[in-house]
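In: Build me a model from this:
(one chain, ligands or ions: 2)
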Amino acid sequence: MAAVYQAVCRRASALICRFHSTYVRKMRYLNDLKEDDSLCRQAQTSGTFYLFHNLSPFLQEVGKQYLVPQVSAAEMKRILEKFKEAEQWIEKSVLIGCSDEHVPHFALDLGALEKSVIESELKGSFTNLRKALFVVDEKDSPLLASAQSLLRWHDSHQYCSKTGQPTQKNVAGSKRVCHASGIIYYPQMSPVVITLVSDGSRCLLARQPSFPQGMYSALSGFCDIGENVEQTVRREVAEEVGLEVESFQYSASQHWPFPSSCLMIACHALVREQQTEISMNSLELEEARWFDLEEVVEGLKREPGSSKQDDGSLLPWFPPKQAIAHQLIWEWVKQQTSQLA
Ligand SMILES: NC(=O)c1ccc[n+]([C@@H]2O[C@H](COP(=O)([O-])OP(=O)(O)OC[C@H]3O[C@@H](n4cnc5c(N)ncnc54)[C@H](O)[C@@H]3O)[C@@H](O)[C@H]2O)c1
Ligand SMILES: [Mg+2]
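Out: Residues are numbered from 1 along each chain as shown. Ligands and ions are numbered 1, 2, ... in the order given. A predicted model of the protein is given here:
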């Protein structure tokens, strides 16, 4: 009877599935892979793999383009056979997505294997993520960022912080379990607010000492435990530049892999026109100043290389479009120009 009931349920859910959009079916499939170890293990045999070596993604340079190759399961097998304990390596892979046709994508860090062997077999090179994110196609950057963050999280959560015992990952890599205590660990992101402060006609951009020369960005800061987004925006602006936020508006969000895994929550904030004197916190920032519209528009046109003047000084430039700070600055320019029109 139970078997008949299950068969009816399966048939019903298959019928319901047929009416779902490609997106819904894809998300349901990914969720099944996370929940069902044997289904995911099977998926590894037909999936594709994005490779990393000590958290640096594998890229291929073709002409002027940098491609992010997906290595087939068969190719993966062939390469791993060159090393000992080949089977074990596939088990280290983590699920990072799937195609519309449900071909699962995995990320795998081959950090303990000889880098040059893999590079010459696959004709490419493992490239630092900070460079990779800005040279690959726009659609590939978020994928590389989230894959690296997940691999990094697994690498640094090998042991239970309560019992000190090793933790085991599920096949998809969506969690790790300590079998001694039963504690389940899930991959984490730290929430960070990034705020473009404006006084109505100018915007405030700042430099941290670690920024590349000439680059200015919006203010950013990690959320403290217990804070909501509004409280973090107000606190960070007060801490870093000594100003009081009057009002703020959410813009967008982005996952950011540095320093480990941040959820960047981007906001526009307004301060009173009469209270715009900056009192910079020099422990965090090396410069903070107001920029008018013309200066921002010029800065957006500049690239790091083109910012150097003949006398060696640098004209300001802003983060590239892959960073959400860029989007905030663009939105501010659009809003200012629409006000002027
Ligand atoms: N994508 C973008 O456009 C963009 C732009 C600016 C900053 N960011 C990211 O935002 C992050 C945070 O900005 P910030 O450096 O101004 O933050 P911040 O002003 O809060 O200062 C950083 C300091 O906060 C402390 N801190 C508190 N919680 C932390 C945590 N969970 N992890 C690490 N350090 C923590 C540390 O002492 C650290 O040195 C940066 O790491 C940067 O990568 C991204
Ligand atoms: Mg900061």
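In: mind listing the helices in the stretch 1-150 of the chain by residue range?
Out: Taking DSSP state H, counting those that start in this stretch as the criterion, the stretch 1-150 of the chain contains helices spanning 2-18, 22-35, 37-44, 73-80, 86-91, 115-122, 129-135, 141-155.
In: Buried residues in the last one, which are they?
Out: Residues of helix 141-155 classed as buried by neighbour count (16 or more other CB atoms under 10 Å): 141, 143-154. (C-beta placed from N, C-alpha, C; glycine too.)
In: List the pairing partners of the next helix-or-strand element following it within its sheet, with orientation.
Out: Following helix 141-155 in sequence order, the next helix or strand is strand 168-169 (DSSP states H and E). Take DSSP bridges as the rule and strand 168-169 pairs in its sheet with strand 176-177 (antiparallel).
In: So for the strand it pairs with, mean pLDDT?
Out: Computed over strand 176-177, the mean pLDDT rounds to 98.
In: swap in stretch 103-112?
Out: So the average pLDDT for stretch 103-112 ends up being 96.
In: Stretch 329-337 too?
Out: For stretch 329-337, the mean confidence score works out to 97.
In: Pull out the buried residues from it.
Out: Those would be Ile329, Glu331, Trp332, Val333, Gln336, for stretch 329-337 by 16+ other CB under 10 Å.
In: Can you tell me which of these is closest to ligand 2?
Out: Set against ligand 2, the nearest of the buried residues of stretch 329-337 by CB to the ion is Ile329 (16.5 Å).
In: so what's the nearest residue to the closest one once chain neighbours are set aside up against?
Out: Using CB to CB, 6 or more residues apart in numbering and skipping residues adjacent in sequence, the residue nearest Ile329 is Phe318, 5.4 Å away. Contact analysis of Phe318 by CB atoms under 8 Å, 6 or more residues apart in numbering lists Leu205, Met215, Tyr216, Ser217, Val296, Gly299, Leu300, Arg302, Ala325, His326, Ile329.
In: Likewise for Ser146?
Out: Ile96, His255, Pro257.
In: one more time with 10 Å
Out: Neighbouring residues of Ser146 by CB atoms under 10 Å, 6 or more residues apart in numbering: Ile96, Gly97, Ala107, Pro187, Met189, His255, Pro257, Ser261.
In: Mind pulling up the pLDDT for the fifth one?
Out: Spelled out, it's Met189. 97.
In: okay, now the closest residue to Val135 other than its chain neighbours: neighbour count?
Out: Computed as CB to CB, 6+ apart, the closest residue to Val135 that is not its neighbour in sequence is Tyr66, at 4.5 Å. Tyr66: 20 surrounding residues under other CB atoms under 10 Å.
In: Tyr66 and Glu273: what is the separation?
Out: For Tyr66, the distance to Glu273 (CB to CB, to the nearest Å) stands at 45 Å.
In: Would you mind splitting the chain into its domains for me?
Out: Per automatic domain parsing, the domain ranges recorded for the chain read 20-157, 190-340.
In: Point out where this structure drops to low pLDDT.
Out: Counting by pLDDT under 70, the chain contains low-confidence residues at 1-18.
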